[in-house]
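[1] Below is the sequence, then the predicted model.
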Amino acid sequence: MRHTTLLALLLTAPALEASPVSQRKDSSDFDFFYDMSSPPEELDLDNNGEPDWKSEDTPTLMNGSAVSDGSNLISLYQPSDDHSIFRSLNQSPDASWTIEIRVAKIGGESKEKGWFAIATSNKDESNSNTIFMHDNRVVTSSGDHLSGTQFADGNFHTIRVAHIQEENAYFFWVDGILINTDKNSPIYGDNGSRFTNSTFIGDYSSGIGGAFKIDYMALTKGAYAPNNETVIAKPEPKPTPVKKVVKETSSLISIGNISVHIKDSE
Ligand SMILES: [Ca+2]
Ligand SMILES: [Ca+2]
């Protein structure tokens, strides 16, 4: 029997395209893990002689969590200085990385942008991205996700953000559930501004309110899905937003409609 036909078919068949987040990794295996048993702004896990994080308002550590009481204008961790742990991961627009944060809302009133957010931008990237936690939904540049879910129940919820090797392209999971349409459809950062090489975590703008506590923050190089991943079939995504470039100023940046003053690190 001749196998030429089969071989020809195999050679001409389109290759199945692997998802950019086909690989999985548990956050306990990430490169850097901050369990809030000691202040992250005092730790130097990458041994570069600089604190890995900074905090505009030093959070209170209680029972292994970092607590924000909701009274601070800018709360918790902002690696926007040259030596921060976040900047060790994102040295080009297409650098891939993953951040996972486990957080609970513990009181207060959510504001129009929710009670907790993670904003990120790679070095020299043309735009930035934010994921907002609301009491009953999650919001990204792609719209509302997991609507009707109770996120203000006092329990911990796990947010994972993965930047793949494509400028402005992200995948997100909340409590292990993929919020992208599928594993080949990135959500594109469309924040209307860029703040190259930085991330802002927590209550960093006047549009975010409420008290929360962070159980841990973990970061790693590479884009990974969580081990406990759930992928739910969803309707077709909205059209990909047009990427916009807005120049940043030296000391005042815009995140969406919100302006945030950035302090230089000491
Ligand atoms: Ca360091
Ligand atoms: Ca902890």
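    Happy to help now that I have it. Ligands and ions are numbered 1, 2, ... in the order given.
[2] quick one: Arg87 is in a helix?
    Yes: assessed by DSSP: H, G, I helix; E, B strand; the rest coil, Arg87 belongs to a helix.
[3] what's the spacing between it and ligand 1?
    10 Å (Cβ to the ion, to the nearest Å). Any C-beta I mention is one placed from the backbone N, CA and C, and that applies to glycine too.
[4] Isn't that residue up against Ala95?
    No: checked against Cβ atoms under 8 Å, the pair Arg87 and Ala95 is beyond contact range at 10.3 Å.
[5] got any residues that touch both of these two?
    With contacts taken as Cβ atoms under 8 Å, 6 or more residues apart in numbering, the residues that reach both Arg87 and Ala95 are Lys123.
[6] Could I get the phi/psi values of the closest residue to ligand 2 within the stretch 1-150 of the chain?
    Closest residue of the stretch 1-150 of the chain to ligand 2, Cβ to the ion: Gly64 (3.6 Å). Backbone torsions of Gly64, given as degrees, to the nearest 10, read phi 80, psi 10.
[7] got it, and Trp173?
    phi -130, psi 140.
[8] OK, contacts around it?
    So Trp173 contacts 158-160, 179, 225-226, 229 (Cβ under 8 Å, 6+ apart).
[9] again with His134
    Contacts of His134 (Cβ under 8 Å, 6+ apart): 110, 114-115, 151.
[10] phi, psi of the closest residue to Tyr224 other than its chain neighbours?
    Nearest residue to Tyr224, sequence neighbours excluded (Cβ to Cβ, 6 or more residues apart in numbering): Lys25, at 3.8 Å. Backbone torsions of Lys25, given as degrees, to the nearest 10, read phi -150, psi 130.
[11] State the number of residues packed around Lys25.
    Lys25 is flanked by 19 other residues according to other Cβ atoms under 10 Å.
[12] That one touches Thr98, doesn't it?
    Yes: using Cβ under 8 Å, Lys25 is in contact with Thr98, at 7.3 Å.
[13] what's across from Arg102 in the sheet?
    Thr158, Tyr216 (DSSP bridges).
[14] Then the one 5 residues further on?
    Beta-bridge partners for Gly107, by DSSP bridges, are Ala211.
[15] dump the residue contacts of it.
    Counted by Cβ under 8 Å, 6+ apart, Gly107 has contacts 70, 210-211.
[16] Scan the residues you listed and report the most crowded one.
    Top of the contacts of Gly107 by neighbour count (other Cβ under 10 Å): Gly210, with 22 neighbours.
[17] Make sure that one is actually in contact with Glu112.
    No: contact between Gly210 and Glu112 fails when scored by Cβ under 8 Å: they sit 11.8 Å apart.
[18] Next one: the residue nearest to Tyr224 from Asp153, what distance?
    Between Lys25 and Asp153 the computed distance is 27 Å (Cβ to Cβ, to the nearest Å).
[19] export the contacts of Gly107 to TSV and tack on pLDDT and distance to ligand 1?
    Below are these laid out as TSV (pLDDT from 0 to 100; distance: Cβ to the ion, whole Å):
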residue	pLDDT	distance to ligand 1
Gly70	71	29
Gly210	91	30
Ala211	93	28
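[20] Going by neighbour count, list what's buried in stretch 184-197.
    Under the neighbour-count criterion of 16 or more other Cβ atoms under 10 Å, stretch 184-197 has 185-197 buried.
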